[in-house]
Structure formats: C-alpha cells, structure tokens
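[1] here is my input; please provide its structure:
(chains A, B, C and D)
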There are 2 protein chains.
Amino acid sequence: MQHNPKKINSELNPNVSVDCVIFGFDLEQLTVLLIDRGEISSAFGPRMALPGNLIYDNENLDMAANRVLDELTGLNNIYLEQVGAFGDPDRIHKESDREWLKSIRAEPEARVITVAYFTLVPMSDYKPQASSFAKNADWVPVSEIKELAFDHFEILQAAKDKLKQKIKIQPIGFNLLPEKFTLSQLHRLYESILDKPLDKRNFRRKIQKLDILTSLSEKQRGVPHKPSLLYEFNEEKYQELTQTGFDNFGF
Amino acid sequence: MQHNPKKINSELNPNVSVDCVIFGFDLEQLTVLLIDRGEISSAFGPRMALPGNLIYDNENLDMAANRVLDELTGLNNIYLEQVGAFGDPDRIHKESDREWLKSIRAEPEARVITVAYFTLVPMSDYKPQASSFAKNADWVPVSEIKELAFDHFEILQAAKDKLKQKIKIQPIGFNLLPEKFTLSQLHRLYESILDKPLDKRNFRRKIQKLDILTSLSEKQRGVPHKPSLLYEFNEEKYQELTQTGFDNFGF
DNA sequence: TAGCTTTGTGTCAATTATACACTATCCAAA
DNA sequence: TTTGGATAGTGTATAATTGACACAAAGCTA
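    You can find the predicted model right below:
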C-alpha cells in the first residue's frame, strides 16, 4: 500500500514513457482512472489524460507500468497487460498539450514513444478522494469519455479492444470485482466490456459451467428487491482449468 | 519493388528500434526471414537475428517497420501488424551480442527499446538469393529455430502467438499464399500456424462456408498424383463479410 | 497396366447456441 | 398488514455447429 520513493541512481529516459489505462467497474459500468490536468489545459483542449510517465533506465517496461500504477494508487500485484507501442512523431505536440508538457517535462520538445498498458483494479480497493496522492485523479465511465489529451483516446480505444478480445479467452474480468459478488454484477461486467447485451439465462448457464465460482451461503443485504446470492471466484479451479486448456468463453 | 534511399534531414533515434518477424510459407511449413550475422557472432552465440533497425525521428513506428521490410526485400504493401514493445534494460547487452552491435551502431551501449512487428509475405514474391540486397538473409522454417540473437527468440515466440490468435479471428493467412493455391496448401498453412493437425473434411467444410474462395476451373499441373483444383482469394466477399461482422473461425 | 500418391466427398451423433416467460423474494409505502 | 415495485432465479425446445470417420477418383511413373 506504500508507493515507491523516487528511484535513486537512475536516470529518466527522455524518449520512452508508459501510459496506463486503469480499468475499474463500479458494479454498473466500466470506468477508467483519469488524471485531471486542471485549468491550464482546459483552455486549449481536453483536461483529462491517462496516467503515465517516462521510464527509468534501470526499469523494464512492466516495472515502469507497475510503478506508475503504484505511485498513483498505492496498489501492487495488479493484473497488467501490455497493449502496444504508440509512436507518432507528433503524438505529444498538439498545441493544446504543449503548455502542460512544459510544466512537467525537462525536455518537453523531445520525441516520446509510449508503451501502453491496461490494468484491472477492483474499484473498491481505491477511492481517489480518500487517497493522499493524486487528488486530481478520478474514475470516469468509459462511455462518457469523448476525448483525451495527446493520443490517449486512441490508446484507450486500443485498450478496450484488447480487453474485449482477451475476456473472450480468459476470465480476467474477476480482477475488476470485489471478493464477493453476484451473478448479476458479473453479468453487467461482461455486458459493459463486450458492449452488447447478453441473455441472462444463457450467460448464467455458461459461466456456471466453467466451474470457477464458489457460491457462498450468503445473501445480499439492504437491497429493495429479492437479494442475490453472493459468489466467490475460485482461483484453484481456474488454475486447473487453464492447465487442461480452454479457449473460448464464446460470448 | 525499389527500396527506400537513406532518409535525408532526419536523425536516427538511438533509443528506439523496430524488429520484424517476416513470415513466409513454402507450401509445406511456416518460415521466417532471418539475417545471418556471420562468423563474427558465431563464436559467441546465435548467428541469426530478426531484421530490424533504429527508427528515424520523422517516422512513426509502422513506417519504420515498413522501411525495414522494404530495405530488406524491396516489398511494399505488405500485411503488417504490431506485436508489442520489448524493453528489458539489458536486452541487447549479452556478451555474445556486444561485438556485432559495435560494428553496426554508433552508440552500441545505449539502451534500446524495440517495437516488434510481424508481417506476412507471399514467399514466391521474394527469394533472398535472387535479391541484390542482404545476401545474408534467408528463410528458415519456424520449427527449426532454436535460438536467436538478443531477445529475438522471445519476440518470435510472441509473434507466433499473436499470429495464431489472429488467424482464428480473421483470414489473414491468405497473405502468405500465392494468388492461386489449392485447398490442401491452405490446409497445411492453417495446420502449421495453429501447430496442430486439422481434420481435412472439417477444414474444407468450414473454410468453404466462409464463402471467400473463388474456385478456378484450373488444375494443378505436373504433380505425380491427382491434381488439385486451384482457388483464388476473393477480397470483395471478404470485405463484405467483415462489414457484417464475423468473429470466429474457431479451429 | 499396376501401383503410388493425393484429391475430394457425406453422414451421423454429440455438443453448443439461441430464443424465450414466469414465479419467488425482499423492501417500501400506503 | 397488504400491495406494488424491483430484481433474482430457473428450463426447454429448436437450430446450428462440431467432430469423428473411409473410400473412390485422377493423374503420374515404372
């Protein structure tokens, strides 16, 4: 839960950065953790940007992405996967991004290639307003994001596509849920990632057949309707399953 | 068919390179175009490496990959897709790679992040021995490659995985075949990419159902057995299909 | 012309996908 | 305490897809 101190004995590489698409799920819809660049930028263009930073010379790319995530949220051991590299020569030199860059970079004119990652964090583990770092970070529903700084909107799009594709092959969605969850929440999660409605009964049948859920004998409380049974994700069964190999959730 | 001249008015970026996994198919098995680094390296480690180079400051990453491909083979308009970025701090500093790097790089000690691509070229379009460039390039069957320079073996592995995954979703394999081909050749291609045997009749049924093949009224000639019908890939039908959307070749 | 090699074809059973509607349970408000 | 509102939870029938499997036809060669 503690963020890294600044690296000692290592230099920032002025040409390579990582940017993180940090996905969360508020039990209704898919969200992304964005940085508000504040008034300075708003006059020129989008205020919001993906969290990211230059890499240090002694880090590999995964480490850099983990560091960015840790510095912002204090979270470690988070599901993380590379989306790809983005390297248009002028990707950070739009007029609207210049001012802000000057305020945060030693060499604001340098060409920077960025390596994008997406991560899945249980939203309950991190509330920006409760954190001492980055008071200017906030969860924003994916569906409401229309523009972002730099080429970050394009990166977001690529991350969404990758997540969509990946979830058809592995049940990584569980990384977005709290420990105990209902089938309806899981259902909503899949719908919002795949961005299409899924038949309730067919979804439940299919997900149960995977045999990676443990049903708790505990019910939802305080909801103004029939309470749902709570479930846990069963990591062991999942490991077993990946050994024997499976390929297609096929939603 | 002409390769690019050296870029004018632009500098090499000493920190970022692209490497290309150039796939071919010799009608029997999947192959990759590798560079032979020659005797210098052989004493220390693997002779073979993926073609690649530092990027220029005025190119984006796709352009750089296309340039590398063009410089080596003279081919343009080739199917090309990013695999991802590889950036271990010491990825190019193995003892066995040092000597060779000194001979080709202005700053052999610099840390270099590489962005890997894979490309699909119809092998009939390019025979290294006939080319004036890169006499030290050669097609090597994927199954015979056990080691490569730098982290290139790891990159190859990632490219194979990406190709395998991608071909389940889109019929990109046609980029590896000559204009006219037989169903058996297509069958072999899928088997060697997916790295597992596929039932002949089931394969044919499935591929035909896609309705993207035009059967020519022309037969194979000169083969010592029943000659096969030749087929063409039908781009229009394919475009149509991708519009209406399809997701799963599902082999 | 006999033999070798690869092509090309159909069916059946099992599995999987899809479409679809009503009752049960809890809370809240009257 | 009863009623209404909201979501949970459940099964079946039809269509489509998968997977397993074997033999005759065509051309070449010796």
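
[2] give me the pLDDT value at residue A:6.
    Residue A:6 carries a pLDDT value of 49.

[3] try residue A:37
    For residue A:37, the predicted pLDDT is 87.

[4] distance of it from chain B?
    Residue A:37 sits 25 Å away from chain B, going by C-beta to the nearest C-beta, to the nearest Å. In this view, the C-beta of every residue, glycine as well, is placed from N, C-alpha and C.

[5] mind checking how far residue A:196 is from DNA strand C?
    Going from residue A:196 to DNA strand C by C-beta to the nearest atom of the strand, to the nearest Å gives 11 Å.

[6] how about the secondary structure of that residue?
    The assignment at residue A:196 comes out as coil when based on DSSP: H, G, I helix; E, B strand; the rest coil.

[7] what about it, neighbour count?
    Neighbour count for residue A:196, taken as other C-beta atoms under 10 Å in any protein chain shown: 10.

[8] same deal with residue A:142?
    Residues contacting residue A:142 under the criterion other C-beta under 10 Å number 20.

[9] let me see the backbone angles for it.
    The phi/psi pair for residue A:142 (degrees, to the nearest 10) reads phi -50, psi -40.

[10] thought it was touching residue A:26?
    No: look at residue A:142 against residue A:26 with C-beta atoms under 8 Å: they stay out of range, at 10.8 Å.

[11] now the helices for the stretch 101-250 of chain A?
    A:152-167, A:183-194, A:200-209, A:235-244 (DSSP state H, counting those that start in this stretch).

[12] out of those helices, which comes closest to residue B:93?
    Counting by C-beta to C-beta, residue B:93 lies closest to helix A:152-167 out of these; the figure is 29.7 Å.

[13] report the angle between the axes of that closest one and helix B:152-167?
    Going by axes from the mean of the first three to the mean of the last three C-alpha atoms, to 10 degrees, helix A:152-167 is angled at 80 degrees with respect to helix B:152-167.

[14] just the buried residues of helix A:152-167, please?
    Along helix A:152-167, these residues count as buried under the neighbour rule (16 or more other C-beta atoms under 10 Å in any protein chain shown): A:152-153, A:155-156, A:158-160, A:162-163, A:166-167.

[15] how about CSV for the residues you listed, with distance to residue A:119 added?
    Formatted as CSV, the buried residues of helix A:152-167 follow (distance: C-beta to C-beta, whole Å):
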residue, distance to residue A:119
A:152, 15
A:153, 18
A:155, 13
A:156, 13
A:158, 14
A:159, 9
A:160, 13
A:162, 12
A:163, 10
A:166, 12
A:167, 14
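
[16] ok and the residue in chain A nearest DNA strand C?
    As assessed by C-beta to the nearest atom of the strand, DNA strand C sits closest to residue A:226 within chain A, at 2.5 Å.

[17] against residue B:22, how distant is that residue?
    As judged by C-beta to C-beta, to the nearest Å, residue A:226 and residue B:22 stand 59 Å apart.

[18] equivalent analysis for residue A:36, please.
    Remark: distance between residue A:36 and residue B:22 (C-beta to C-beta) = 44 Å.

[19] which of the two has more neighbours?
    Neighbour count, other C-beta under 10 Å: between residue A:36 and residue B:22, residue B:22 has more, with 27 against 17.

[20] my read is the more buried one is in a strand, agree?
    Yes: applying three-state DSSP, one finds residue B:22 inside a strand.

[21] tell me what it is bridged to.
    With DSSP bridges applied, residue B:22 shows beta-bridge pairing to residue B:119.

[22] who are the contact partners of it?
    Going by C-beta atoms under 8 Å, 6 or more residues apart in numbering or on different chains, residue B:22 touches B:32-33, B:51, B:69, B:72-73, B:118-119, B:121.
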